[in-house]
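In: 3D model of this:
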Amino acid sequence: MSTQTRIKPEFQAILLAGGAGNRMYPLPEKTVKCLLPVCNRPLITYQLRMLENTGLKECIVVVTEHTAQQVSSFLNEKFECKIRCIIHKVDDYTGTADALRQIADRIITDFIVVSADVITDCKLLVVADTHRSNDAVATLLFSKVKGSGVDVKDKKSSKNPAKKKQEAAYQPECNFIGLEQDSGRVLVYTAKADVEDSLSVSKRLLQSHPRMTLHSQLDDAHIYIFSHWVIKVILQDKSISSIQNELIPYLVKAQFRCPEDLKEEKSKAVWSRVDKNFAQGEALGMSSVPPKSIDSLLCMSYVPDPSKFSFRVNTVPAYKHANREVVNLHDSEGKPIVESGYVLPEEAKATGKKGKAAFNVGKDCVIGDGVQIGVKTNIKKSVVGSYCKIGEKCRISNCVLMDHVTIEKQVTLSDTVVCSNAHIQAMSSLDNCEVGANYTVPGKTKSKKEQFSTSNFME
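Out: Coordinates of the predicted model:
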């Protein structure tokens, strides 16, 4: 008689979906951040599809009191996926490392941590290969920030002042990252906010690793792969609350601490790995010549080709940036992740001169189901959600309209986000604005860089 046993996976997936999105006000007033639509797809679906395409069968989705109801409802009732989602609720404002501490008993092997606000076309399997081939304690995915965000090879973009302005508004928060040139080992990880006048790097580190390159334009994608024993570090040191701000810097520095220092009470978890994988630890600890580094503690990086990209959707400029860029994303088979363009219905085809259409929708737009568009309206480089109603003679460019938005006649919108069920009355003009859900903008409103909301989300 055979018995069925559960096969231990090589990696477990943990998706952190508890972010409140305070820096994205007023967008998350009615819809939690991880469910905000990007090119008419909920943000969280991009990470789940990535994990699914990696071959993972199960994912622990960490939510907070604030996000639990909406996320649970979406995953259980509206989203079909091969990956099994296990929802775990933590308190609001729980740190990312604190969240891992709360689910420590569920983590039985090396694990992948993904923030539910990241979008990337980088293959996670390649990052996993880097992790396993180096037997790393942590492997971090970085992406190169291309200056203002405009590709210098794109002559059209470089000569377009409007696009330069839009992309300049999107500036990821990069840290100082020191990488060993040949191996990609992470030698320095310091937040720019912690550096006042200059960044100090120890002479000992430079002597041990002379081929280090210090980067200030590498964006931490918030996709991490950790060795299972990192959970021991988190359980032991309760002061570690954040993955990015505390855990990663701690692990990077631990690579270069002397073995005798790691025997201190606070570093027992780290020492246990050194003692297990580095049999000469005791001998080196008694040596008068300290080791260059502890080779059993390796923090590695993966920086994909510049043609790849990853970015976090955690601010309003980042949200606009994502909606502009995702139309260029392709899956592993080379197919677009979202369909752009719009097929004119028969009734919209004009019978006038030169057979022009009743309205114009650019090929770089994403249009949802059931959208109604008035005559002589022009829409370009924009995302329009399902069942929106757009009046005649409107001009909409570089905008995001969520579902069920009503735009009356002769409205001009530029670089603006309009949330679900909002209403913009006739002859208004909005430039670089955000309109909250259910809000009505009065007719003939002229506004620039303003937020419209029915409630104070920040309270």
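In: mind checking the SS state of A97?
Out: Classification of A97 using DSSP: H, G, I helix; E, B strand; the rest coil returns helix.
In: Pull the contacting residues for it.
Out: 234, 240-243, 246-247 (CB atoms under 8 Å, 6 or more residues apart in numbering). Quick note: C-beta positions are derived from backbone N, CA and C, even for glycine.
In: same thing with I407?
Out: So I407 contacts 388-391, 394, 396, 401, 413, 418, 424 (CB under 8 Å, 6+ apart).
In: the helices in the stretch 251-400 of the chain, which residues?
Out: 259-262, 268-277, 281-286, 316-325 (DSSP state H, counting those that start in this stretch).
In: How about the stretch 1-150 of the chain?
Out: 44-53, 68-73, 96-102, 124-134.
In: buried stuff in the third one?
Out: So that's helix 96-102. 96-101 (16 or more other CB atoms under 10 Å).
In: what's the most distant pair in the contacts of A97?
Out: For those, the farthest-apart pair by CB to CB is I234 and S242; their separation is 10.9 Å.
In: which of these two has more neighbours?
Out: More crowded of I234 and S242, by other CB atoms under 10 Å: I234, with 24 against 13.
In: So for that one, what's the pLDDT?
Out: Note for I234: predicted pLDDT of 95.
In: Verify the stated contact: it with R101.
Out: Yes: contact criterion CB atoms under 8 Å: I234 and R101 qualify, at 5.1 Å.
In: before we move on, the earlier item: just the buried members of the contacts of A97?
Out: The neighbour count (16+ other CB under 10 Å) marks 234, 240-241, 243, 246-247 as buried among the contacts of A97.
In: is it possible to export those residues to CSV including secondary structure and distance to D305?
Out: Shown next, in CSV, are those (DSSP: H, G, I helix; E, B strand; the rest coil; distance: CB to CB, whole Å):
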residue, secondary structure, distance to D305
I234, helix, 33
I240, coil, 33
S241, coil, 34
I243, helix, 25
E246, helix, 31
L247, helix, 28
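In: which of those residues lies closest to H222?
Out: Closest to H222, out of all of the buried ones among the contacts of A97 and judged by CB to CB, is I243, at 8.1 Å.
In: so C299 touches R185, yeah?
Out: Yes: when contacts are counted by CB under 8 Å, C299 is listed as touching R185 (6.7 Å).
In: how near is I44 to C85?
Out: Note on I44: its distance to C85, by CB to CB, to the nearest Å, is 10 Å.
In: I misspoke; the intended subject was S183.
Out: 35 Å.
In: okay, these two: which has more neighbours?
Out: Ranked by neighbour count (other CB under 10 Å), S183 and C85 place C85 first, with 21 against 14.
In: For the more buried one, give the beta-bridge partners.
Out: C59 (DSSP bridges).
In: residues in contact with it?
Out: So C85 contacts 48, 58-59, 61, 75 (CB under 8 Å, 6+ apart).
In: May I ask which of those has the most neighbours?
Out: V61 (26 neighbours).
In: Would you mind checking which of the buried residues of helix 96-102 is nearest to I373?
Out: T96 (42.6 Å).
In: pLDDT wise, what is the closest one at?
Out: Listed pLDDT for T96 reads 96.
In: Nearest spatial neighbour of it, chain-adjacent residues omitted?
Out: Of all residues not flanking T96 in the chain, I243 sits nearest, at 4.3 Å (CB to CB, 6 or more residues apart in numbering).
In: how close does P9 get to S429?
Out: To S429, P9 is 54 Å away according to CB to CB.
In: got it, and T315?
Out: 24 Å.
In: one step back: for the contacts of A97, give me JSON lines that also has distance to I373.
Out: As requested, those are exported to JSON lines (distance: CB to CB, whole Å):
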{"residue": "I234", "distance to I373": "52"}
{"residue": "I240", "distance to I373": "52"}
{"residue": "S241", "distance to I373": "49"}
{"residue": "S242", "distance to I373": "46"}
{"residue": "I243", "distance to I373": "45"}
{"residue": "E246", "distance to I373": "50"}
{"residue": "L247", "distance to I373": "49"}
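In: Mind giving me the packing neighbours of the lengthiest strand in the chain?
Out: Across the chain, the longest stretch assigned as strand under DSSP state E is strand 218-226. Other elements packing on strand 218-226 under the criterion 3 or more CB pairs under 8 Å, 6 or more residues apart in numbering; DSSP states H and E are strand 110-115, strand 118-120, helix 124-134, strand 138-144, strand 310-312.
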